[in-house]
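Asker: What follows is a predicted structure for the sequence shown.
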Amino acid sequence: MTSAPVQGNDYHASPTDIPDPPSGCPMRQWSPLDEDYLAEPYSIANRLRQESPIFFSEPLGYVVITRMEDILEVFNEPDIYASTNVQDPVFPMAPGAKEVLGAKDFNPVAVMSNRPEPGHGRIRTYTRAGFSRRRLRTLEPYVIKRSHQLIDQMLAGPNPTEFIDAFAFPLPGETVFRFIGFPEADDELLKNWCGDRKAFSWGKPTATEQTEIAEKMLAYWRYCRDFTADKRDNRGDDFASELLNAHDADPNEISYREVESVIYGLSFAGHEAVTNLICNSLLCLLPRREQWDQLVQDPSLIANAVEEVLRFESSQISWRRVTTVDTTLGGYDLPAGTRVFMNFASANWQPDLFPQPETFDIHRENAAHHISFGKGIHYCLGANLAKTEARLVLEVLTKRVPSLRLVQDQHIWSSPNITFRGPEELQVTW
């Protein structure tokens, strides 16, 4: 059985069926949506790597790769392993969602994570410039100031409190909105539209849920188009203005539709994973009081602690590719059109790369060698921003609330999806 994508639009292609496994490739009934894997993926990912480093997941319809060396090969061969499917729903799109996203004015174009070469490299020249060190430095005072404000509100409120609503959700969203140039008055509306996005492309929502998310995506795209049109006449010191300036300087290098689409894609991608990173940092550090106290005493350790969080309990534990030509990977022949699932959870706990990988250690010398932000030409554009935010947040929290603790015996659960991992609720006390 072959799999041909059906377009709900040019941005989110929907698979119609599950393809046949490549000849000779081992097959398993495992899925990253299995309940035990969602609850605790790392020990299972380790077992998968030991038993079948490469296999075909029948429920998922993807070839799963688990070793760092194979993942790096995929990332480093973008002409063979295309990124065009990373925003696509994992499973066929519901008719209602397809109808919503079939609206004539829903027409974003692939520009970043799902744009192949050579267009990706052309656009990345401008998006990378927007994430310059100068731009990140201008955001640092905002992140610090807003962190203090949110902590003030948290300390003045009930104890214990739910940390995501109080801090970890608003801060990253507001930071990326200020980066782009969205007005503060629209923050709550924007966060509501973004909230369920990961379920659409990386989960298995019901038909009703998928259609409701699609309606939010359409509303959000329309907002981004209106915002970009207004920004043409009201430039500022923000990323959207920089993109429009680049478009004005050479419309053939970055088109107006591409500017709209960068704003649309970035504002979705720029905060969900950071919320997870902040929460995962607390999940790793707060139960290990000795390491938390070391950060309280010596904030210079925080940067490497963030890298170890990204290795040990990453906010992104997989990514996807699709082969453009017949190729061979790990000894198996993969036909063109084979969908590939890269298991970061396994690679980040690979014992020949990270000794005693099950041990969380803020002093780990090679913690930064994780694969959580990808590799090569599609290395995550916002990696430095994410790590900067997490570092600043931990600096503020360790200074302001050194007695911060997790509420004991709470149920920690993550949204069921194949890629992004972080608690949906997190009760803290101090």
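Answerer: Arrived safely, thanks for sending.
Asker: can you pull out the helices in the stretch 301-430 of the chain?
Answerer: Under the criterion DSSP state H, counting those that start in this stretch, helices of the stretch 301-430 of the chain are mapped to 302-312, 344-347, 383-400.
Asker: Sketch out the strands for the stretch 1-150 of the chain, chain order is fine.
Answerer: 5-7, 13-15, 27-28, 54-57, 62-65, 81-82 (DSSP state E, counting those that start in this stretch).
Asker: what's the most buried one of the helices of the stretch 301-430 of the chain?
Answerer: When the helices of the stretch 301-430 of the chain are scored by mean count of other C-beta atoms under 10 Å, the highest mean neighbour count falls to helix 344-347 (a mean of 27). Every residue, glycine included, has its C-beta placed from N, CA and C.
Asker: what helices or strands is that helix leaning on?
Answerer: Helices and strands in packing contact with helix 344-347 are listed as helix 41-51, helix 68-75, strand 318-323; criterion 3 or more C-beta pairs under 8 Å, 6 or more residues apart in numbering; DSSP states H and E.
Asker: Determine which of those approaches residue 354 most closely.
Answerer: Of all these, it is helix 68-75 that lies closest to residue 354, at 9.5 Å by C-beta to C-beta.
Asker: avg pLDDT for that closest one?
Answerer: Helix 68-75 shows an average pLDDT of 98 in the prediction.
Asker: ok, back up a step: tell me which of the helices and strands packed on helix 344-347 sits nearest to residue 371.
Answerer: Nearest to residue 371, of all the helices and strands packed on helix 344-347, is helix 68-75, at 5.9 Å by C-beta to C-beta.
Asker: from the chain's centre, how far out does the longest helix seen in the chain sit?
Answerer: The helix spanning the most residues in the chain, taking DSSP state H as the definition, is helix 256-285. From the chain centre to the centre of helix 256-285 is a distance of 6 Å (C-alpha atoms, centre = their mean, to the nearest Å).
Asker: Now do it against helix 383-400, angle only.
Answerer: What separates the directions of helix 256-285 and helix 383-400 is an angle of 40 degrees, with axes from the mean of the first three to the mean of the last three C-alpha atoms, to 10 degrees.
Asker: mean confidence score for helix 256-285?
Answerer: Helix 256-285 shows an average pLDDT of 89 in the prediction.
Asker: so it versus helix 302-312, what angle?
Answerer: Going by the same axes, to 10 degrees, helix 256-285 is angled at 90 degrees with respect to helix 302-312.
Asker: helix or strand right after helix 256-285?
Answerer: Scanning forward in sequence from helix 256-285 by DSSP states H and E, the next helix or strand is helix 289-297.
Asker: Next, the buried residues of that following helix.
Answerer: 291-292, 294-296 (16 or more other C-beta atoms under 10 Å).
Asker: Does anything pack onto that helix? Which helices or strands?
Answerer: With 3+ C-beta pairs under 8 Å, 6+ apart as the test, helix 289-297 has helix 256-285, helix 302-312, helix 383-400 packed against it.
Asker: would you turn the strands of the stretch 1-150 of the chain into a markdown table with mean neighbour count?
Answerer: What follows is those, written out as a markdown table (neighbours: other C-beta atoms under 10 Å):
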| stretch | mean neighbour count |
| --- | --- |
| strand 5-7 | 13 |
| strand 13-15 | 20 |
| strand 27-28 | 14 |
| strand 54-57 | 21 |
| strand 62-65 | 26 |
| strand 81-82 | 22 |
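Asker: Which one, of those strands, ends up nearest to residue 193?
Answerer: Ranking the strands of the stretch 1-150 of the chain by proximity to residue 193 (C-beta to C-beta) places strand 13-15 first, at 20.8 Å.
Asker: The buried residues of helix 289-297 into JSON lines, with extra columns for pLDDT and distance to residue 104?
Answerer: Conversion of the buried residues of helix 289-297 to JSON lines gives the following (pLDDT from 0 to 100; distance: C-beta to C-beta, whole Å):
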{"residue": "291", "pLDDT": "98", "distance to residue 104": "54"}
{"residue": "292", "pLDDT": "98", "distance to residue 104": "53"}
{"residue": "294", "pLDDT": "98", "distance to residue 104": "57"}
{"residue": "295", "pLDDT": "98", "distance to residue 104": "52"}
{"residue": "296", "pLDDT": "98", "distance to residue 104": "56"}
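Asker: Pick out whichever of these sits closest to residue 40.
Answerer: residue 291 (20.5 Å).
Asker: Hmm, the closest one is touching residue 297, no?
Answerer: No. With contact defined as C-beta atoms under 8 Å, residue 291 does not reach residue 297; the gap is 10.9 Å.
Asker: still on that earlier bit, mind listing what's buried along the longest helix of the chain?
Answerer: Of the residues in helix 256-285, those scored as buried under the neighbour-count criterion (16+ other C-beta under 10 Å) are 256, 258-285.
Asker: ok, now stretch 326-339?
Answerer: Counting neighbours by 16+ other C-beta under 10 Å, one finds that the buried residues in stretch 326-339 are 327, 329, 332, 334, 338-339.
Asker: Would you reformat the buried residues of helix 289-297 as CSV and include distance to residue 228?
Answerer: Conversion of those to CSV gives the following (distance: C-beta to C-beta, whole Å):
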residue, distance to residue 228
291, 44
292, 43
294, 46
295, 41
296, 44
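Asker: From these, pick the one nearest residue 141.
Answerer: Looking across the buried residues of helix 289-297 and measuring by C-beta to C-beta, the closest to residue 141 is residue 295, at 21.7 Å.
Asker: give the contact list for that closest one.
Answerer: With contacts defined as C-beta atoms under 8 Å, 6 or more residues apart in numbering, the neighbours of residue 295 are 285, 301-302, 305, 362, 394, 398.
Asker: how near is it to residue 306?
Answerer: Distance of residue 295 to residue 306, given as C-beta to C-beta, to the nearest Å: 10 Å.
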